[in-house]
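*Asks:* what follows is a predicted structure for the sequence shown.
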Amino acid sequence: MAKPLNIGMIGYGFMGRAHTNAYKRVSDFFSLEYRPVLKAACARDKEKVTAFAENWGYESVETDWRKLLERSDIDAVDICVPNNLHKEMAIAAAEAGKMILCEKPLAMNVAEGEEMCAAVEKAGVPNIVWYNYRRVPAVTLAKRLIDEGKLGRIFHYRANFLQDWTISADVPQGGAALWRLDVDAAGSGVTGDLLAHCIDTAIWLNGGIQDVNAMTETFVKERVHALTGKVQKVGIDDACAFLCHFQNGSLGLFESTRYARGHKALYTLEINGENASIAWDLHDLHRLSYFDHSDEGRLRGWRSIHVTDHGGDHPYMDKWWVPGLQIGYEHSFVHQVADFLEGVAKGTPVGPTFRDALETQKVCDAVLQSAHSRQWVDVN
Ligand code: SOE
């Protein structure tokens with residue numbers, strides 16, 4: 001019989017639902033020492049958080065996150081609130097001895113992230129940040145192939161994250177669903193929201209980033225603020241592109257925007273090595289494209305691997321359906337919970353820890369600094 005691990009969820013938006021779904025499903029598919037229990041949901045709006053709790057099956061509600069942290073029946077806290085609240089909640093949760101699962105990006109900036117790392121490390125509490133794309137089976141397979149040396153020396157790493165939902169100047173900034181457009185709540189625009197995903201995956205697959213040269217643009221300069229009703233300057237980056245050098249000598253090229261008409265959440269990556277190349281695309285997330293130069297010449301070409309096989313060959317897939325039947329976006333969160341719980345059982349950290357996510361934060365800060373100064377900026 002698995003031991004209960006009581007979850008206190010702070011927030012009830014898109015990510016609150018994605019994470020809750022993962023807590024609910026994980027024990028049905030993974031055999032683990034711990035079983036998440038939806039103990040309490042917490043948010044300021046009593047009516048809304050109660051509706052969320054009833055819908056998803058949380059046993060209780062809190063309207064003050066400090067009260068949630070005082071509760072002895074909460075083992076782990078999930079921070080699913082705007083970025084400007086991460087630091088205070090995470091530090092208090094660490095001091096209360098709670099495990100922490102924090103939504104990405106880790107913090108508003110490196111200084112905050114450092115304080116958060118210090119707090120969890122001092123408290124010795126398990127901690128993880130929700131960079132979920134690492135645990136899409138095709139991306140995890142890419143990691144295994146790279147670690148086995150199949151690509152050989154890496155020359156190029158390319159990633160995009162393209163959306164189109166803020167093109168209209170009528171979209172307000174601030175408030176429940178649109179805090180991502182409000183610099184005071186988000187810290188940055190696409191850099192912290194979307195490129196942060198690309199950077200986390202890139203560091204995981206290809207190692208650390210040494211320096212960056214970036215440009216950003218804010219296409220819509222003013223928007224109505226949902227909280228004040230006034231037209232206010234927009235402080236976030238709507239689009240960002242940067243070049244970088246990785247520590248392994250390879251070159252990186254990253255682009256993200258919310259102004260790529262027609263693209264809703266097109267995260268793509270491509271890695272070119274001396275022996276082989278890999279490409280992946282979130283819109284076709286269960287496939288990994290692979291080109292192997294050692295294939296017989298007349299058969300050589302890009303192959304599209306349907307990452308759904310069993311037998312330990314394709315990461316996580318033996319836990320789901322029969323070979324050939326694919327899974328989707330939400331399963332990356334289930335995998336993250338499964339790995340986290342396994343780490344808790346073994347007493348070993350599972351990445352991306354706060355410390356890992358701080359590396360991504362350092363790159364994001366360097367990118368914004370470079371765009372501002374129009375200079376190459378060293379990371380660190
Ligand atoms: C933004 O639209 C967003 O929801 C991000 O905040 C998520 O992290 C990303 O996975 C999808 O896009």
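*Replies:* That came through fine.
*Asks:* can you name the residues that contact the residue nearest the centre of the chain?
*Replies:* Nearest to the geometric centre of the chain sits Y131, at 2.2 Å (CA atoms, centre = their mean). By CB atoms under 8 Å, 6 or more residues apart in numbering, Y131 lies in contact with K104, A196, H197, D200, T201, P352, A357, T360. Every C-beta, even on glycine, is put in place using the N, C-alpha and C of the backbone.
*Asks:* if we use 6 Å, what do you get?
*Replies:* For Y131, the contact set (CB atoms under 6 Å, 6 or more residues apart in numbering) comprises K104, D200, P352.
*Asks:* and what of A265?
*Replies:* Q163 are the contacts of A265 under CB under 6 Å, 6+ apart.
*Asks:* distance of it from L162?
*Replies:* Applying CB to CB, to the nearest Å, the value for A265 to L162 is 8 Å.
*Asks:* can you list residues touching both of these two?
*Replies:* By CB under 6 Å, 6+ apart, no residue touches both A265 and L162.
*Asks:* near the ligand, which residues of the stretch 251-380 of the chain are found?
*Replies:* Within reach of the ligand by CB under 6 Å from any ligand atom, the stretch 251-380 of the chain has these residues: A265.
*Asks:* so which residues of the stretch 251-380 of the chain form helices?
*Replies:* Under the criterion DSSP state H, counting those that start in this stretch, the stretch 251-380 of the chain contains helices at 329-346, 354-373.
*Asks:* model confidence at the residue of the chain most remote from its centre, what's the number?
*Replies:* Residue farthest from the centre of the chain, counting by CA atoms, centre = their mean, is R298 at 40.2 Å. R298 carries a pLDDT value of 97.
*Asks:* distance of it relative to A276?
*Replies:* Going from R298 to A276 by CB to CB gives 18 Å.
*Asks:* and I236, what element?
*Replies:* Using DSSP states H and E, I236 falls within no helix or strand.
*Asks:* okay, now it: neighbour count?
*Replies:* 25 (other CB atoms under 10 Å).
*Asks:* surely it touches D182?
*Replies:* No. Using CB atoms under 6 Å, I236 is not in contact with D182; the gap is 7.5 Å.
*Asks:* give me the contact list for stretch 166-181.
*Replies:* Taking CB under 6 Å, 6+ apart as the rule, stretch 166-181 contacts 82, 182, 185-186, 193, 220, 223-227, 236, 258-259.
*Asks:* rerun at 8 Å
*Replies:* Contact with stretch 166-181 is made by 13, 82, 165, 182, 185-186, 189, 193, 219-220, 223-228, 232, 234, 236, 238, 258-259, 261, as judged by CB under 8 Å, 6+ apart.
*Asks:* take those and keep only those in helices.
*Replies:* Mapping the contacts of stretch 166-181 onto helices (DSSP state H) picks out A185, A186.
*Asks:* residues near R374, how many?
*Replies:* Other residues within reach of R374, judged by other CB under 10 Å, total 9.
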